[in-house]
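S.K.: Build me a model:
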Amino acid sequence: MNRFSDLLVSKPCITVDITVRPITHNGAPDLLVEVNQRVLFSGVLDQPATLTATELDLPEPLLIKLTMSNKNYSADLETAVVIESFKIDDFEFVPDHTHLFEYDNDHSNTQPTSYLGFNGVWSLSIPEPFYRWLHRATGQGWLID
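M.R.: Numbers count the residues shown, from 1 in each chain. Below you'll find the predicted structure:
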């Protein structure tokens with residue numbers, strides 16, 4: 001029987017998949033999506049999109065940012081980005097793990113969310129290998145070889 005750490009040896013890379021949907025009642029949002037400084041999307045998000053970053057080195061840190069900008073605020077009409085799915089190697093973060101993300105926005109709203117309704121940055125910073133961080137962040141303990 002293989003141990004979990006043995007199974008990872010055959011897969012030295014991880015994949016990030018992000019599915020986003022715009023709300024465009026007051027215009028389409030501007031969105032910038034970056035994974036380790038690699039731009040996956042930059043521009044006006046006027047339709048749903050699935051973005052993928054592949055071949056990310058397993059032991060490397062991860063920094064993922066979704067930046068919404070140039071929103072015109074209105075009391076009656078909404079512009080936003082809805083993060084419908086956020087996966088790293090098929091581990092789904094939305095909706096149960098959005099508290100692991102930081103949402104720095106122009107309204108100082110820090111509630112865990114997958115709904116970007118303010119100009120700002122929704123980010124996940126993982127300063128160590130993903131699976132080590134995941135087991136600690138989800139309360140599963142340490143992986144020991």
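
S.K.: Please make it C-alpha for all contacts and neighbour counts, starting now.
M.R.: Noted.

S.K.: buried residues in the longest strand seen in the chain?
M.R.: Ordering each strand of the chain by length in residues (DSSP state E) puts strand 13-24 first. Within strand 13-24, the residues that qualify as buried are 14, 16, 17, 18, 20, 21, 22, 23, 24, counting by 16 or more other Cα atoms under 10 Å.

S.K.: got it, and stretch 99-112?
M.R.: So stretch 99-112, judged by 16+ other Cα under 10 Å, has buried residues 100, 101, 102, 103, 104, 105, 112.

S.K.: Pretty sure residue 21 sits against residue 47.
M.R.: Yes. Counting by Cα atoms under 8 Å, residue 21 touches residue 47, with 6.4 Å between them.

S.K.: can you map out the helices along this structure?
M.R.: Ranges of helices within the chain are 4-9, 130-137, based on DSSP state H.

S.K.: Tell me how far residue 120 lies from residue 127.
M.R.: 22 Å (Cα to Cα, to the nearest Å).

S.K.: which of these two has more neighbours?
M.R.: residue 120 (21 against 12; other Cα atoms under 10 Å).
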